[in-house]
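Q: Build the 3D model from these lines:
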Amino acid sequence: MEVLNKSMTNPKERPIKVLQFGEGGFLRAFVDYMIDVANEKGVFDGNIAIVKPIEFGSLDFFHQQDCQYTLSMRGKEDGEAKIVNRVITSVADAVGAVEEYDRYMEYARLDTLRFVVSNTTEAGIVFDENDKFENTPPNTFPGKLTKFLYERFKAFNGAMDKGLIMLPVELIADNGPMLKRCVFDFIQLWELGEDFKEWVREACIFGSTLVDRIVTGYPRDDAEQIWQELGYRDNLLDTSELFALWVIESEKDFSDEFPLDEAGLPVIFTDNQKPYKERKVRILNGAHTSFVLASYLAGNDIVLESMNDATVRQFMMNTIFDEVIPTLSLPEQELKDFANAVIERFENPYVKHALLSISLNSVSKWRARCMPSLLAYIEKEGKLPKHLTFSIAALMAFYTGSEIRDGALIGDRNGQEYKIMDDADVLEFFAANSKKPANQVVSMFLGNVKFFGEDLNAQPGLTDAVVADLELIRAEGMRKALETIIK
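A: Below is the predicted model:
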């Protein structure tokens, strides 16, 4: 079977406008896919050069396939299971920053370059005072970027129209400003001069981004079958869900240079991404955190099973539409449309998302994802949201155990052991207290300021409601308790 390459795709030659730090599946299924569509629609006309930023890994498959690859998007849309395969031709080159340093740095002098995209993990955007300018390249990503920008500054004699637009997609808050801060710290550390600092400040843009797409990567178990269906071998085959969202926040508007939204792509340009982040955290992530622990104790193991469980599904629907959406600031219909898209994502038959994997660190997740909705609902409605309130009791029921083994609290589901993974102080709290009478442990848990940042016992009626829910779960079991709550 022939390996996918340019002789099969015949891609149009386009100027390289984007330098991408990171060759992994997410960027290829998200950014490179969107640029490919924008090229096809005639609104962008630019290709990508991928940079492998660290020595680990290999670009052999990229070179063998002329950087051509297939993205298989699999999910549920309008109630129907759907697979969309697309050959991505927007990547023109792949270079190792360590192994091919000189060739990598040539891109700093490329006239057509305009954008830098990165996904170097949450730990990638860091300042390290031990990183050295003389390294080829510097060790950290911000160090690499600073030296790259300095090379460009020198090559074009500080021309203001040769600045670059940075679009980090690392999953950290304010990723753009954080990256910019690191760059300025390196300029200071390496004494690169005020002229260069001013050029970075005025000629370059550091966008802050929010990204959302589940990327399942290389389909190891069924790659051979997919190759047979495609008619060629593709060692760079990538898979994702159908849904995607890219929110780009910037002080300076550059949407005319990067008009992906004009290609019908789910890209939003804004000067404030906070409402969109709040929507994602409180609807998508909040839904997960509010129902997965109850669903697991009710006998389910994956998200898809939960969605096919009428009781769990109704609990989730009531939580999102009755208790979370009323507390958010975006237009109601926009929020409902997003929520319906979330539900279809949960129903994706191609993603087997384990509830136990979602359960990791549920106490801090509940604080970040569910507690703001609960408090906002109380403030707005003057009463408790019964499903979000129940989610506290469900969390406490899930965290019931007395033995910590190999860093995990051991729980029990109908005689089956499961591991509860969280910070040590959380596990120690539940190991010592989870089997105490409900009124005692609930009061202790809600009053733990370290867990919640405040004493939740101060919320009128909350303690008694959680006690009642936990006693119901203990007496009747999780399923019957859920059935009572959704009535």
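Q: what's near enough to touch Asn39?
A: If you count contacts by Cβ atoms under 8 Å, 6 or more residues apart in numbering, Asn39 has them with 12, 14, 45-47, 89-90. C-beta: built from backbone N, CA, C; applies to glycine.
Q: among those residues, which ones are buried?
A: Neighbour counting with 16 or more other Cβ atoms under 10 Å marks 14, 46-47, 89-90 as buried within these.
Q: Okay, and which of those map to helices?
A: Counting by DSSP state H, no part of these is found in helices.
Q: Report the residue spans of the stretch 301-450 of the chain with pLDDT below the cut-off.
A: Filtered on pLDDT under 70, the stretch 301-450 of the chain yields no residues whatsoever.
Q: so where do the strands sit in it?
A: 404-405, 408-413, 416-420 (DSSP state E, counting those that start in this stretch).
Q: Relative to the whole chain's centre, how far out is the second one?
A: Spelled out, that is strand 408-413. Computed by Cα atoms, centre = their mean, to the nearest Å, the chain-centroid distance of strand 408-413 equals 28 Å.
Q: for the shortest one, same thing?
A: Chain-centre distance of strand 404-405: 30 Å, with Cα atoms, centre = their mean.
Q: per-domain residue ranges of the chain.
A: 6-270, 275-485 (automatic domain parsing).
Q: I'd like the average pLDDT over the longest one.
A: The predicted model assigns domain 6-270 a mean pLDDT of 97.
Q: how close does Ile486 sit to Asp309?
A: From Ile486 across to Asp309, the span is 12 Å (Cβ to Cβ, to the nearest Å).
Q: Likewise for Glu379?
A: Distance from Glu379 to Asp309, by Cβ to Cβ: 32 Å.
Q: the more surrounded of the two?
A: Asp309 (19 against 9; other Cβ atoms under 10 Å).
Q: so that one makes contact with Ile302?
A: No. Look at Asp309 against Ile302 with Cβ atoms under 8 Å: they stay out of range, at 10.8 Å.
Q: CA atoms only: put stretch 159-178 into PDB for me.
A: Presented in PDB, the C-alpha positions along stretch 159-178 are these (Å, rounded to 0.1, in the frame of the first residue of the first chain):
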ATOM      1  CA  ALA A 159      11.300  47.100  10.600                       C
ATOM      2  CA  MET A 160       8.000  47.500  12.400                       C
ATOM      3  CA  ASP A 161       6.100  45.600   9.700                       C
ATOM      4  CA  LYS A 162       8.200  42.400  10.400                       C
ATOM      5  CA  GLY A 163       6.900  41.700  13.900                       C
ATOM      6  CA  LEU A 164       5.100  38.400  14.500                       C
ATOM      7  CA  ILE A 165       1.800  37.500  16.000                       C
ATOM      8  CA  MET A 166       2.100  34.900  18.800                       C
ATOM      9  CA  LEU A 167      -0.900  32.500  19.300                       C
ATOM     10  CA  PRO A 168       0.000  30.100  22.200                       C
ATOM     11  CA  VAL A 169      -2.700  27.400  22.800                       C
ATOM     12  CA  GLU A 170      -1.200  26.000  26.000                       C
ATOM     13  CA  LEU A 171      -4.000  25.300  28.500                       C
ATOM     14  CA  ILE A 172      -3.200  28.000  31.000                       C
ATOM     15  CA  ALA A 173      -5.000  31.200  31.900                       C
ATOM     16  CA  ASP A 174      -3.700  34.300  30.000                       C
ATOM     17  CA  ASN A 175      -1.300  32.200  28.000                       C
ATOM     18  CA  GLY A 176      -0.400  35.200  25.700                       C
ATOM     19  CA  PRO A 177       0.400  37.700  28.500                       C
ATOM     20  CA  MET A 178       2.400  35.000  30.300                       C
END
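Q: got the buried residues for it?
A: For stretch 159-178, a neighbour-count test (16+ other Cβ under 10 Å) marks 162-170, 175-176, 178 as buried.
Q: Generate a markdown table for those, with distance to Pro138 and secondary structure as supplementary columns.
A: Output for those, formatted as a markdown table (distance: Cβ to Cβ, whole Å; DSSP: H, G, I helix; E, B strand; the rest coil):
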| residue | distance to Pro138 | secondary structure |
| --- | --- | --- |
| Lys162 | 21 | helix |
| Gly163 | 20 | coil |
| Leu164 | 17 | coil |
| Ile165 | 21 | strand |
| Met166 | 16 | strand |
| Leu167 | 20 | strand |
| Pro168 | 17 | strand |
| Val169 | 21 | coil |
| Glu170 | 18 | coil |
| Asn175 | 19 | helix |
| Gly176 | 20 | helix |
| Met178 | 17 | helix |
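Q: Which single one of these is nearest to Arg282?
A: Nearest to Arg282 among the buried residues of stretch 159-178 is Asn175, at 19.9 Å by Cβ to Cβ.
Q: Which residue ranges of the stretch 351-487 of the chain form helices?
A: Listed in chain order, the helices of the stretch 351-487 of the chain (DSSP state H, counting those that start in this stretch) span 355-358, 362-369, 371-381, 386-398, 424-433, 438-446, 449-452, 462-476, 478-485.
Q: actually the stretch 51-200 of the chain, not the one I wrote
A: Ranges of helices in the stretch 51-200 of the chain, per DSSP H, counting those that start in this stretch, are 60-64, 101-106, 141-155, 175-189, 194-203.
Q: Pick the most buried one from these.
A: helix 141-155 (a mean of 23; mean count of other Cβ atoms under 10 Å).
Q: That one vs helix 175-189, what angle?
A: Interaxial angle, helix 141-155 versus helix 175-189 (axes from the mean of the first three to the mean of the last three Cα atoms, to 10 degrees): 70 degrees.
Q: Need the residues that contact helix 141-155.
A: With Cβ under 8 Å, 6+ apart as the test, helix 141-155 has contacts from 19, 21, 53, 97, 105, 107-109, 113, 116, 118, 120, 124-128, 131, 133, 135, 137-138, 162, 164, 166, 179, 182-183, 185-187, 190, 192, 196, 199-200, 204.
Q: what does stretch 225-238 give?
A: Contact with stretch 225-238 is made by 1-4, 8, 25, 28-29, 61-62, 64-65, 68-72, 85, 215, 217-219, 223, as judged by Cβ under 8 Å, 6+ apart.
Q: Are any of those buried, and if so which?
A: The neighbour-count test (16+ other Cβ under 10 Å) marks 3-4, 25, 28-29, 61-62, 65, 68-72, 215, 219, 223 as buried among these.
Q: Need the max-distance pair from those residues.
A: Taking Cβ to Cβ, the two most distant members of the buried ones among the contacts of stretch 225-238 are Val3 and Val215; they sit 22.6 Å apart.
Q: how near is Ala94 to Gly217?
A: Ala94 is 17 Å from Gly217, where distance means Cβ to Cβ.
Q: I am finished for the moment; much appreciated.
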